[in-house]
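> A structural model of the following input is requested.
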Amino acid sequence: MPLLPRLASYLHPERMVPVLVLWLAVCLTETWAVDRGNFKTCDQSAFCKRQRALKPGESPYRALLETMELTNTRLTLQLINDNNKVRLLLELYRLQGNITRVKINELKPLKPRYEVPDVLIREPPTEPLSLLSQDENGVVLSLGSESQRVIISARPFRLDIMEGSDVLMSLNSRGLLTFEHLRMRKDTQADPEAEKKEEADPANQAETTKDEEEKVEDGMWEETFKSHSDSKPNGPSAISLDFSLPGVEHVYGIPEHADTLRLKTTENGDPYRLYNLDVFQYELYNPMALYGAVPVMLAHNTQRTTGIFWLNAAETWVDISSNTAGKTVFGKMLDYVQGSSETPQTDVRWISESGIIDVFLMLGPTPKDVFSQYASLTGTQSFPPLASLGYHQCRWNYNDQEDVQSVDAGFDQHDIPYDFIWLDIEHTDGKRYFTWDPHKFATPKEMLQGLMDKKRKLVAIVDPHIKVDSNYKIHNEIRSKGFYIKNKDGGDYEGWCWPGSASYPDFFRADMRAWWASMFAYDQYEGSMENMYTWNDMNEPSVFNGPEVTMHKDTVHGAWEHRDVHNLYGFYVQMATAEGLIQRSGGVERPFVLTRAFFAGSQRYGAVWTGDNAAEWDHLKISIPMCLSLGLVGISFCGADVGGFFKSPSTELLVRWYQMGAYQPFFRAHAHLDTPRREPWLFGPENTALIREAVRQRYTLLPYWYQQFYHAHRTGEPIMRPLWVEYPQDPATFAVDDEFLIGRDLLVHPVTEEGARGVTAYLPGKDEVWFDVHTFQKHNGAQNLYIPVTMSSIPVFQRGGSIIPRKVRVRRSSTCMEHDPYTLYVALNLQRTAEGELYIDDGHTFNYEKKEFIHRRLSFAKNILSSVNLAPDAQFTTRSWIERVVILGASKPSKVTLKTADGQDSQLEFDFDASMSVLTLRKPGMNAGADWTVMLQ
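Down below sits the predicted model:
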C-alpha cells in the first residue's frame with residue numbers, strides 16, 4: 001500500500017469548482033506517477049557517484065603472491081592497494097556442485113565489517129583446490145576437472161575462470177575493484193592505532209589526507225538527501241568489483257525492477273538499483289529500486305549458463321555494459337562481412353555501500369545446473385498448502401464481517417470458485433496489528449467458522465510497524481523487552497506509518513523473531529483460527545517520513561547500522577511470521593505468508609507479489625517479466641494484483657488480467673481503497689462468465705500446479721519460466737518475455753493488447769509439436785504462430801511428449817475437490833511417446849517429509865500407457881481415481897485393454913475424433929495411486 005492513500009479521492013476535479021480544475025490537473029499528473037524526487041539517483045547517492053566516477057584501467061590492487069596459503073579447502077592471499085598501502089585478504093573456495101566462492105575483506109579492519117548471516121542454508125561444503133603452476137606473475141589452480149581452472153594474476157590483481165581455452169568469467173579485468181577501508185575521521189581526535197594501519201610513507205599520507213579532505217564534501221562522512229541527514233559515523237565503506245562475461249549478450253535477474261526480462265545496458269542512465277523501497281506509483285521500464293532485492297544475475301548464451309550471487313544486504317547498484325549494445329543488425333552484419341573478430345562481451349559491475357565482497361560464481365553449465373547451484377546455497381521454494389494455489393479475493397478493504405459474508409456468498413451465487421478472502425489494514429483496531437476492529441469485526445471466529453464450513457480460508461495483514469501506544473499490549477511488550485530498532489542516540493526509533501507514530505521491531509535479533517512467532521499462537525492472537533493466514537506488507541521497511549520513504553541508515557541494530565542490513569529486513573519479517581504459523585500448529589501445518597519485501601532466500605518462507613501496480617495495459621504486460629525474473633532467482637511463488645491496485649480497469653482489461661493471473665503462480669485480485677468495487681460479478685453477465693471460465697481453468701489445472709510446486713521445492717527450478725530455460729540453444733527465445741512456460745509442458749501467451757484481434761506466439765523446438773489445450777489443434781515447433789483471439793481466448797499449448805493431470809469437476813474451493821477424479825491429457829510427440837507425473841499428498845501438512853505421498857511416473861510408448869510408482873518407500877492412499885484419458889495426436893485402435901495391478905484385464909470404452917486425432921478413454925476407473933497399464937491394439 002502506498003504513501004499517499006486517499007489523495008486521489010479528495011482531488012477528483014468533478015467534485016471541485018471549475019476554477020480549480022487546471023490547478024488540480026497539475027496536481028493529478030504528479031499523484032499518478034512516481035515522484036522521482038523522493039528517490040535517489042546514483043548521482044545523489046554519494047558512494048555510487050564516487051564509485052561510478054572511477055574509470056576502467058589501471059587497478060591499484062596487486063596480489064602479494066608470497067602471502068599465498070593453500071589448504072585442502074581454501075586459498076588465502078593478500079592484496080595491497082599500492083596507492084594507500086591498505087591490505088585486503090582474498091579467500092577463494094571451490095564449492096561442491098561447480099561453484100567458486102570469492103571473499104574479499106580488509107586484512108585488519110578498524111572494526112568488523114558486516115557479513116550476511118541466515119541467508120545461506122548452511123556453510124557451503126568445499127572441495128579440494130590444487131595448485132597447477134606458479135611464477136612471479138601469478139598462480140594457476142585446478143577446479144577439479146582438468147579443463148577447469150582459476151588463474152590469479154598478480155599485477156594488477158585479476159582472477160579468471162577458464163574451461164579449456166575459454167574464459168568463462170573474469171574478475172577485476174577492468175580494474176574496478178575498490179574497497180573503501182574503515183578509517184578514523186581526520187578532523188576528530190585520531191586513534192594512534194588506526195594511524196599505524198595507514199602504512200603509507202609521509203608523501204603518500206599527505207596525498208591521501210588531501211584527497212580525503214577534498215572528498216569530505218562528497219558525502220563520505222555525512223550526507224543529506226532532501227531534509228534528511230545521514231550521520232555516517234563509520235565514514236566511507238563502499239565496495240565494488242567488476243566481472244567480464246566473454247561470449248555473453250544476455251543477462252537476467254537482479255529483481256525487483258519493473259523492466260524487461262533481458263537486462264539492459266546502463267551506460268546512458270542509472271545502474272540497476274537494489275534497495276528495498278515502498279515506491280508509490282512505480283514507473284515501468286526503468287532501473288529504479290522497488291520492494292525487494294535479490295543480488296543474483298544469470299548470464300546465458302547457446303553454450304553455457306552461469307550465475308553471479310553477490311551476497312551483500314546494503315544498498316547496491318549494478319552497472320551493465322556490452323560491446324554489442326546499440327549495434328544495429330546492419331552493424332553486426334558489417335562486422336561479420338569485414339571479418340571483425342570482436343567476441344560479444346557483457347561487463348557487470350557491482351557497487352555496495354558497506355559490508356564485504358562475498359560472491360558465488362555459479363558455473364552451470366546448463367540453466368538447470370545454475371538453479372540447483374543457487375538452491376544448494378539459499379534453499380528452494382517452500383512447498384505451499386494446495387489451497388494457496390487457488391484464487392484469492394482481496395481489496396483494501398472488506399468493510400466488516402457482513403461484507404466478508406456477502407462477498408463469500410457472491411462467489412457461490414455466481415458459481416466462481418475461490419479459496420482465500422483477504423483483510424487489509426482496516427480490519428484492525430486502529431492499525432494495531434494482531435487485533436480486530438471491535439465494531440466491524442466483533443466476532444472474528446464466527447466469521448472464520450463460516451468460511452471453514454465452506455472449506456475456505458482467510459488472510460489477515462500483519463505489518464511490522466507497531467503503533468506507539470501505551471494501551472497496546474504488543475507495543476508495551478516489545479518496548480519493555482528492548483526489541484525495537486534504536487536511533488543513533490540509543491532511543492527507540494520512531495517513524496510515521498499507517499497507525500501514525502510507530503516503532504519498528506528489530507527482526508535481526510533471534511530473540512525478537514522468536515517472540516514475534518509466539519504472537520501467532522491461537523491463545524495469543526485473539527480471534528485467529530487454523531484457517532487464517534498472514535500477509536506482511538510495508539516491510540521494506542516503509543517509513544512515510546523517512547529518507548526515500550524508508551528507515552534512516554544510521555539507525556542501529558545491535559553492533560550494526562541499518563545501512564549494513566537494510567535489504568534483509570523484509571526477509572526476517574517473513575521468516576519470523578512463517579515460523580509463527582508453523583509453531584501454532586505444533587509443527588504440523590504448512591504456513592502461507594505473502595511478503596512485499598524480499599531478499600535472496602525469501603523463497604523458503606512463502607509468496608511475493610509485485611506490489612502496488614496500476615490498472616493499465618502496460619502493468620498487465622510487465623507482470624510477465626517481473627515474475628519470470630523472480631523465478632530465475634529462486635522465488636517461484638509470484639503474482640501481480642489482478643486488475644491493478646491503483647485506478648479502475650476497463651472491463652476488457654479486467655477480463656484479460658484474470659486470464660493472465662489464472663496462469664501465474666500466485667493468483668490474487670486486489671484493489672485500492674478509493675477504487676470502485678470490482679468483485680468478478682459486477683461487470684454484467686458476459687464478463688462474469690469470462691472471468692468464471694478463467695478461474696475455472698485455474699482450478700482444473702491445480703494437480704499440475706501442485707506438482708510443479710513440489711518439483712520446485714525439490715530442485716529449485718522455476719515454475720513460471722522463460723522459454724530459453726527449456727530451449728537454451730535457440731537464440732529466438734533469449735529475449736522473449738510476452739509468453740512463458742509453466743514447468744516444461746504448458747506454454748502460455750496471454751493477450752495483453754487492448755482490442756486485440758490476434759496474437760503471434762513463438763512455439764519453440766524444431767522437433768516439437770504443440771497442442772492448443774482448448775481445441776486440440778496440433779502445431780509444429782520452431783515457428784511464429786498467428787492466433788486469432790476473441791474475448792474468451794487464452795492461448796495455451798501443451799507440449800507433445802507430455803502428460804498433464806487435471807481435475808475437471810470444479811467445485812467452490814480446492815479443498816472441496818480433494819477426492820475428485822483425474823483426467824489425464826496425453827499429448828504425443830513425433831515419436832508417438834509422452835511422459836508426465838502425478839503427485840498427491842494431504843495438501844496441507846509437512847507429512848510429505850515423512851514420505852506420506854503418492855508420486856507416479858505416467859508414460860506412453862509403443863501404444864502402452866502406464867503408471868509406475870516413483871517413490872516405492874512412500875505411503876499414502878487416495879480416494880481419487882482416473883475417470884478419463886484423452887490422447888492427442890492418436891490413431892484409432894481396434895480395442896483398448898486395461899490391466900490393473902491384480903492382473904485383471906478389462907476392455908475400455910473409447911471415442912475417436914478422426915478430424916482432430918483425439919482418442920478419449922471413458923471411465924477406466926483405476927485408483928490414482930495404483931499400478932496399471934492401458935494397451936491400445
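> how about the strands of the stretch 601-750 of the chain, start to end?
Secondary structure of the stretch 601-750 of the chain by DSSP state E, counting those that start in this stretch: the strands cover 607-609, 638-639, 667-669, 720-721, 740-742, 746-748.
> hey, where'd the helices end up in the stretch 401-550 of the chain?
Secondary structure of the stretch 401-550 of the chain (DSSP state H, counting those that start in this stretch): helices located at 401-413, 444-453, 473-481, 510-518.
> quick one on the thing from earlier: nearest to P246 among the strands of the stretch 601-750 of the chain would be which one?
Smallest distance to P246 across those (Cβ to Cβ): 25.8 Å, for strand 720-721. For glycine as for every other residue, the C-beta is placed from the backbone atoms N, C-alpha and C.
> Against G430, how distant is the most centrally placed residue in the chain?
Nearest to the mean C-alpha position of the chain, by Cα atoms, centre = their mean, lies L630 at 3.1 Å. According to Cβ to Cβ, to the nearest Å, L630 and G430 sit 34 Å apart.
> quick one: contacts for the residue nearest to the centre of the chain?
Residues in contact with L630 (Cβ atoms under 8 Å, 6 or more residues apart in numbering) are 255-256, 294, 608, 636, 638.
> now do D745
Here D745 is in contact with 704, 798-799, 802, 804, 827, 836 (Cβ under 8 Å, 6+ apart).
> highest average neighbour count across the strands of the stretch 601-750 of the chain?
Mean neighbour counts were compared across these using mean count of other Cβ atoms under 10 Å; the top stretch is strand 607-609, at a mean of 29.
> That one: how far from the chain's middle?
Distance of strand 607-609 from the chain centroid (Cα atoms, centre = their mean, to the nearest Å) equals 7 Å.
> for stretch 930-937, same thing?
Worked out by Cα atoms, centre = their mean, stretch 930-937 lies 41 Å from the chain centre.
> again, but for stretch 527-543
18 Å.
> Output it in CSV, but only the C-alpha positions, please.
Taking C-alpha atoms only, stretch 527-543 is exported to CSV below (Å, rounded to 0.1, in the frame of the first residue of the first chain):
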residue,chain,number,x,y,z
GLY,A,527,-9.8,-14.4,17.2
SER,A,528,-7.4,-16.4,15.0
MET,A,529,-8.1,-19.9,13.8
GLU,A,530,-6.3,-22.6,11.8
ASN,A,531,-7.9,-21.3,8.5
MET,A,532,-6.4,-17.9,9.0
TYR,A,533,-3.0,-17.0,7.4
THR,A,534,-0.8,-13.9,7.1
TRP,A,535,0.2,-11.1,4.8
ASN,A,536,3.4,-9.0,5.6
ASP,A,537,3.2,-5.6,3.8
MET,A,538,5.3,-2.4,4.3
ASN,A,539,8.3,-4.5,5.3
GLU,A,540,11.0,-2.7,3.3
PRO,A,541,10.5,-1.1,6.0
SER,A,542,8.2,1.7,4.9
VAL,A,543,8.6,4.9,6.9
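> buried sites along that stretch?
Residues of stretch 527-543 classed as buried: 527-529, 531-543 (neighbour count, 16 or more other Cβ atoms under 10 Å).
> Could you list the low-confidence segments of the protein?
Within the chain, the stretches with pLDDT under 70 are 1-32, 146, 188-217, 326-341.
> Quick check: can you list the domain ranges of it?
Domain assignment for the chain by the TED database gives 52-181+234-378, 386-463+513-543+565-720, 821-936.
> Can you get me the start-to-end distance on the shortest one?
Counting by Cα to Cα, to the nearest Å, you get 22 Å between the two ends of domain 821-936.
> With the longest one instead?
End-to-end distance for domain 52-181+234-378, by Cα to Cα: 30 Å.
> Any idea how far that domain is from the middle of the chain?
Domain 52-181+234-378 has its C-alpha centroid displaced from the chain centroid by 21 Å (Cα atoms, centre = their mean).
> Now do the buried residues in stretch 555-563.
555-557, 560-563.
> actually stretch 748-767, not the one I wrote
748-752, 756, 759, 761-765.
> Would you reformat those as a markdown table and include distance to T897?
Formatted as a markdown table, the buried residues of stretch 748-767 follow (distance: Cβ to Cβ, whole Å):
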| residue | distance to T897 |
| --- | --- |
| V748 | 36 |
| H749 | 39 |
| P750 | 41 |
| V751 | 43 |
| T752 | 47 |
| A756 | 47 |
| V759 | 42 |
| A761 | 38 |
| Y762 | 40 |
| L763 | 35 |
| P764 | 36 |
| G765 | 33 |
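> Show me those residues that map onto strands.
Applying DSSP state E to the buried residues of stretch 748-767, the entries found in strands are 748, 759, 761-763.
> Look up which residues are beta-bridged to L274.
Note on L274: beta-bridge partners by DSSP bridges are T316.
> how about it, what does it touch?
254, 289, 293-295, 315-318, 567.
> Q401: which of the strands of the stretch 601-750 of the chain is closest?
Nearest of those (Cβ to Cβ): strand 667-669, 20.3 Å.
> ranges for the helices of the stretch 1-150 of the chain?
Using DSSP H, counting those that start in this stretch, the helices of the stretch 1-150 of the chain run over residues 7-10, 21-31, 46-53.
> can you count the residues close to L77?
Neighbour count of L77, defined by other Cβ atoms under 10 Å: 22.
> I should have written S894 there, sorry.
6.
> doesn't Q937 make contact with it?
Yes: with contacts counted by Cβ atoms under 8 Å, S894 reaches Q937, the gap being 5.8 Å.
> shared neighbours, these two?
Counting by Cβ under 8 Å, 6+ apart, S894 and Q937 have no shared contacts at all.
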